[in-house]
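**Student:** please find the sequence and the predicted model below.
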Amino acid sequence: MALITTKAIVLSALKYSDTSLIVKCFTLEDGVKSYMLKGVLKAKRGKLKAAHFQSLNQLLITANHNNKNTLNSIKEIQVIHPYENIHTSVIKQTIVLFLSEVLSSIIQEEEKNSPLYEYIEAGLVWLDTHDNIANFHLLFLLNLSRYLGFYPDVSEPEKKAFNLLEGRFTDVEYERLTVAGNELVLFKRLLGINFDAIDTVLYNKNERQIILRTIIQYFELHLEGFRKPKSLDVLETVFS
């Protein structure tokens, strides 16, 4: 067991008994770790409070980490990016709940992954500090695929279709698992841009749902065990 001080992003918090939480975090130093927080739901004074562990909060923690696949413990905690409105905006909160479900599903490794951590960290700060965020989750997921090893091959964008299974453009338009026509036009708008260019991407509500479901399908094809998030319908309702 080692005492580690590390940045951490809260992926999920599950109530355990009447007073405790089991919290899963993506840490900068050690990847995914789970913690038992005994008595945190009744604590009025202690250092750890339930509010610290809202979805995708960004923390600095000092914790005991073991390598036995058992629950760890947190000794000290500090919120390092206090969000201005993520937890008060209904739309941003819905996006965060959706992304926390996706990230909790796909990030499983107990090992350091600084580029992935820093991408998520920067994306959440951007979400908190901007207002034009209707397409944020689309670009967040698509660019996330770069850090997971299956970002689309954009070397031949002039071709007529995009093969989701192979992750590349093709001239075969009518195969199963290909994106073509207007759907391809919508998909290509997101390729090769960062969050600061999101203002240039214009979708109506129907187009946004089409692209989101295309990206979800892309993840299902490339990530073993990935399933459509339960919060997807709630997200689409908010943006309808």
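**Tutor:** Received it, and whenever you're ready, just let me know what you need.
**Student:** drop to CA atoms for contacts and neighbour counts, all remaining ones
**Tutor:** Fine.
**Student:** mind listing the strands for this protein?
**Tutor:** Counting by DSSP state E, the segments of the chain that form strands are 2-16, 20-27, 31-37, 58-65, 73-79, 161-163, 168-170, 178-180.
**Student:** tell me the domain ranges of this structure?
**Tutor:** Domain assignment for the chain by automatic domain parsing gives 2-79, 90-238.
**Student:** mean pLDDT lowest for which of those?
**Tutor:** Among the domains of the chain, domain 2-79 carries the lowest mean pLDDT, at a mean of 90.
**Student:** next, the distance between the ends of that one.
**Tutor:** 22 Å (C-alpha to C-alpha, to the nearest Å).
**Student:** now that domain, how far from the centre of its chain.
**Tutor:** In terms of C-alpha atoms, centre = their mean, to the nearest Å, the gap separating the centre of domain 2-79 from the centre of its chain is 18 Å.
**Student:** picking that back up, could the domains of the chain be laid out in JSON lines, adding mean neighbour count?
**Tutor:** Formatted as JSON lines, the domains of the chain follow (neighbours: other C-alpha atoms under 10 Å):
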{"stretch": "domain 2-79", "mean neighbour count": "18"}
{"stretch": "domain 90-238", "mean neighbour count": "16"}
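**Student:** skipping its backbone neighbours, what lies nearest residue 238 in space?
**Tutor:** Nearest residue to residue 238 in three dimensions, chain neighbours excluded: residue 91, at 6.6 Å (C-alpha to C-alpha, 6 or more residues apart in numbering).
**Student:** my bad, residue 145
**Tutor:** Nearest one to residue 145, counting by C-alpha to C-alpha, 6+ apart, is residue 151 at 4.8 Å.
**Student:** I'd assumed residue 167 was in contact with the one you found.
**Tutor:** Yes: using C-alpha atoms under 8 Å, residue 151 and residue 167 qualify as a contacting pair, with a distance of 7.2 Å.
**Student:** circling back to that earlier point, got the contact list for the residue nearest to residue 145?
**Tutor:** 142-145, 167 (C-alpha atoms under 8 Å, 6 or more residues apart in numbering).
**Student:** now residue 71. Its backbone dihedrals?
**Tutor:** phi -70, psi 140 (degrees, to the nearest 10).
**Student:** can you give the contact residues for stretch 49-56?
**Tutor:** 9-13, 23, 40-41, 43, 59, 79, 96-97, 100, 124.
**Student:** what's the separation between the residue lying closest to residue 9 once chain neighbours are set aside and residue 11?
**Tutor:** Excluding its sequence neighbours, the residue lying closest to residue 9 (C-alpha to C-alpha, 6+ apart) is residue 58, at 4.7 Å. Distance, residue 58 to residue 11, by C-alpha to C-alpha: 10 Å.
**Student:** with that, I have no additional questions.
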